[in-house]
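Novice: Sequence first, then the predicted structure, then my questions.
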Amino acid sequence: MKCVGVIAEFNPFHNGHRYLIRSARELSGADVCVAVMSGPFTQRGLPAAEDKWKRAENAVRGGVNLVLEMPVVYAAGSAQYFARGGVRVLEGLGCVDVLAFGSESGDLRALAGAASFLADHGETVGKRIGELTKQGFSYPRARQKAVQEIDPSFDVSLIAEPNNILALEYMRECRNMRALTVKRVSGEGYPSSTALREKMMREQADFYAAARERLFSVLAGTVLSAEDDAFDDVPAAAGGLGRRLVKKIRLAGNTEELIGQLKTKAYTRTRIQRLLTHVLTGLRKTDMENAAVYARILAFDRKGAELIKSVKKTECASIPVLTNISKEAEQPPGIQRTLARDVHAADMYNLIIGNDLYKDSDFVKRPFFFRSSGKQTRNDASPQERK
């Protein structure tokens, strides 16, 4: 069967995602759609608005056949790491033919040209970015300026719009999948994830207010109990930002105030949010440098179950397929370490959001199986055991 893959956050799942999935199937001629989805924390460094199990369930109900979790060491990283994690999971399955992604551009040729330009001039651009950030430019602005110094005609929207940025990183990471882009839709009937999250927070104001309070309390406790140099090895703490966090934590009464204390021209809001997530989840540079990859199942339907059975039968996957992490003690040490970060991230998320620390634990929760009709299940049976 032909398979198309997508990389997403589904935070929350909405009509734009349905449109992408439907378009990806039609344009690629695929029989099956596999999604690699971030878990408890998003690429912008925030706790997801809904837990990963609910988002994965909604994605399968919305047309995805199999949802896999992106390890948090990739999901809570920059666009480069996010793309790398998603692509490695999909290519590791050994059966995904096409990678489909949304973009503001919608022009695959223009995106491919930009990706090629960045690959050809990567060293020069990187060096110039370093010089500009030392002068106080934020990373995004420094990157745009560095590129335009080399080629004034370069379309900076390709490295300024969020989905274009991810599209370029996907294309740079892909080795064995054909790229396919779908122009993002907006307007009536297609509210953005941001708009939907804001609506959720208005309608459930008390719930999210309590979660924000718990987030700051847990974060403050983590920072205050650490040594001054404890965060020097945190991925997003370069340039002294980690030590700045330690100095500023007592001046803030909540997370928003803390971000305000840390923010400068050089440190963007997203960079700071990512730092806070890295601190909260205990991520270190070595975790990202030595990150393993696996296909951890969150939700699936009958076609998804058939795909997993096929992958295991043909042994085409170069990565392990995980259904029940309580039974994965025999995995190699690298996978165990990366998986342990996922479990810890889920625990911290449950603590922040107010979920039950046992019932909602990764050791207890099981993938959601969508039957299309009748009673849905979430139990110990693996996809290959479904009939």
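Specialist: On my side now, so go ahead. Quick caveat, the model's predicted, so the values are computed rather than measured.

Novice: where exactly do the helices run in the stretch 251-387 of the chain?
Specialist: In the stretch 251-387 of the chain, the helices defined using DSSP state H, counting those that start in this stretch lie at 255-262, 269-281, 285-289, 302-314, 333-353.

Novice: out of those helices, deepest packed?
Specialist: helix 269-281 (a mean of 23; mean count of other C-beta atoms under 10 Å). Bear in mind the C-beta positions are built from the backbone N, C-alpha and C, glycine included.

Novice: Let me know the pLDDT of the residue of the chain positioned farthest from its centre.
Specialist: Relative to the centre of the chain, the most outlying C-alpha is that of Pro152, 32.1 Å out, by C-alpha atoms, centre = their mean. Pro152 carries a pLDDT score of 95 in this model.

Novice: how about it, secondary structure?
Specialist: Counting by DSSP: H, G, I helix; E, B strand; the rest coil, the backbone at Pro152 sits in coil.

Novice: now swap in Ala100 and tell me
Specialist: strand.

Novice: one step back: nearest to Leu196, out of the helices of the stretch 251-387 of the chain?
Specialist: helix 333-353 (17.2 Å; C-beta to C-beta).

Novice: and that closest one, C-alpha only, in CSV?
Specialist: C-alpha atoms of helix 333-353 as CSV (Å, rounded to 0.1, in the frame of the first residue of the first chain):
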residue,chain,number,x,y,z
PRO,A,333,20.2,2.0,26.0
GLY,A,334,20.0,4.9,23.6
ILE,A,335,16.3,4.2,23.0
GLN,A,336,15.6,3.7,26.7
ARG,A,337,17.2,7.1,27.5
THR,A,338,15.3,9.0,24.9
LEU,A,339,12.1,7.2,25.9
ALA,A,340,12.7,8.1,29.5
ARG,A,341,12.7,11.8,28.5
ASP,A,342,9.3,11.2,26.9
VAL,A,343,7.9,9.6,30.1
HIS,A,344,9.3,12.4,32.3
ALA,A,345,7.8,15.0,30.0
ALA,A,346,4.4,13.3,30.2
ASP,A,347,4.7,13.3,34.0
MET,A,348,5.5,17.0,34.1
TYR,A,349,2.6,17.8,31.7
ASN,A,350,0.2,15.7,33.8
LEU,A,351,1.3,17.6,36.9
ILE,A,352,0.8,21.0,35.2
ILE,A,353,-2.5,20.2,33.6
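
Novice: what packs against that helix?
Specialist: helix 72-75, helix 205-224, helix 269-281, helix 285-289 (3 or more C-beta pairs under 8 Å, 6 or more residues apart in numbering; DSSP states H and E).

Novice: that older thread, now the helices of the stretch 251-387 of the chain as a markdown table including distance to Met201?
Specialist: Formatted as a markdown table, the helices of the stretch 251-387 of the chain follow (distance: least, C-beta to C-beta, whole Å):
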| stretch | distance to Met201 |
| --- | --- |
| helix 255-262 | 13 |
| helix 269-281 | 16 |
| helix 285-289 | 30 |
| helix 302-314 | 31 |
| helix 333-353 | 13 |
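
Novice: Which of the ones you listed comes out lowest on mean pLDDT?
Specialist: helix 285-289 has the lowest average pLDDT among these, namely a mean of 91.

Novice: Make a markdown table out of the helices and strands packed on helix 333-353 and add distance to Ala119.
Specialist: Converted to a markdown table, the helices and strands packed on helix 333-353 look like this (distance: least, C-beta to C-beta, whole Å):
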| stretch | distance to Ala119 |
| --- | --- |
| helix 72-75 | 20 |
| helix 205-224 | 37 |
| helix 269-281 | 24 |
| helix 285-289 | 21 |
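
Novice: who wins for proximity to Arg250 among those helices?
Specialist: helix 205-224 (7.9 Å).

Novice: hmm, back to that, out of the helices of the stretch 251-387 of the chain, which is closest to Pro40?
Specialist: It's helix 333-353; of those, that one is closest to Pro40 (C-beta to C-beta) at 3.4 Å.

Novice: Identify the residues contacting that closest one?
Specialist: 39-41, 47-48, 51-52, 69, 71-73, 76, 211, 214-215, 218, 280-283, 287, 290-294, 296, 320, 322, 325, 328-329, 331, 355-357, 360-363 (C-beta atoms under 8 Å, 6 or more residues apart in numbering).

Novice: mind listing what Ala48 touches?
Specialist: Here Ala48 is in contact with Glu9, Asn11, Ser38, Gly39, Pro40, Phe41, Thr42, Arg55, Tyr349 (C-beta under 8 Å, 6+ apart).

Novice: and it, how far is that from Asp97?
Specialist: 29 Å (C-beta to C-beta, to the nearest Å).

Novice: Would you list the buried entries among the contacts of helix 333-353?
Specialist: In these, burial by neighbour count holds for 39-41, 47-48, 51-52, 69, 71-73, 76, 211, 215, 280-281, 283, 287, 291-294, 296, 320, 322, 325, 331, 355, 360-362, counting by 16 or more other C-beta atoms under 10 Å.

Novice: With that, I have no additional questions.
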